[in-house]
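Colleague: return atomic coordinates for the entry below.
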Amino acid sequence: MLYFSAQWCPPCRKFTPLLGEAYNAHKMYMKENENNNDNYYDIEVIFVSLDSIQTQFNEYRSKMPFYSIPFANLWMLNLKDKLSNKYGIRSIPTLVILNGEDGSVVTMNGKGEYGNYFKGDYVVPSSCCIS
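Modeller: Have a look, this model is predicted:
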């Protein structure tokens, strides 16, 4: 999953804790059920920041349990724009769900569908709370 977000975006600051809670619950679920033969897969989220100030990136990133592309790489290697263009990102927050085997897009509506992918004990609020 690629999570396009930024510290300056109020809807992002609302959604990030929800995504973090789901991510942590899934990791706990996977750990507790590692000997079962469930068809559940480990999930990784990679934060793609659209912040332009490193201190804002650092502060926002510190609240996330998942991976991120380093701030310098987003700018010096132009990864922010390359990934945003590749996936047609027009607004944030956007959670792109990718197929782990071939990298194809499963859905661009991960923000609305993330509850279908993460297992474990967490709350998925109604869409009115995460829009």
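Colleague: where does pLDDT dip in the chain?
Modeller: Within the chain, the segments meeting pLDDT under 70 span 36-40, 126-131.
Colleague: spatially central residue in it, please.
Modeller: Nearest residue to the geometric centre of the chain (C-alpha atoms, centre = their mean): Tyr3, 3.4 Å.
Colleague: need the contact partners of the biggest helix by length in the chain.
Modeller: Longest helix in the chain, counting residues (DSSP state H): helix 10-32. Residues outside helix 10-32 that contact it (C-beta atoms under 8 Å, 6 or more residues apart in numbering) are 3, 5-7, 40, 42-43, 45, 60, 63-66, 92-93, 95, 111, 114-115, 118-125, 129-131. The way it works is simple: take the backbone N, C-alpha and C, and place the C-beta from them, glycine included.
Colleague: only the buried members of the residues you listed: can you turn that into a ChimeraX selection?
Modeller: Buried subset of the contacts of helix 10-32, written as a ChimeraX selection, criterion 16 or more other C-beta atoms under 10 Å:
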select :3,5,6,7,43,45,60,64,66,92,93,95,111,114,118,119,120,122,124,130
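Colleague: in helices, which of the contacts of helix 10-32 appear?
Modeller: Using DSSP H, those in helices are Tyr60, Lys111.
Colleague: show me the strands in this protein, by range?
Modeller: Listed in chain order, the strands of the chain (DSSP state E) span 2-5, 46-49, 67-68, 94-98, 105-107.
Colleague: out of those strands, nearest to Trp75?
Modeller: Across those, Trp75 has its closest neighbour in strand 46-49 (9.7 Å, C-beta to C-beta).
Colleague: could I have that closest one exported to CSV, CA atoms only?
Modeller: C-alpha atoms of strand 46-49 as CSV (Å, rounded to 0.1, in the frame of the first residue of the first chain):
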residue,chain,number,x,y,z
ILE,A,46,4.7,3.1,2.7
PHE,A,47,4.1,6.7,3.5
VAL,A,48,4.7,9.0,0.5
SER,A,49,4.8,12.5,1.9
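Colleague: what residues of that strand count as buried?
Modeller: For strand 46-49, a neighbour-count test (16+ other C-beta under 10 Å) marks Phe47, Val48, Ser49 as buried.
Colleague: how far does that strand sit from its chain's centre?
Modeller: Relative to the centre of its chain, strand 46-49 is centred 7 Å away, using C-alpha atoms, centre = their mean, to the nearest Å.
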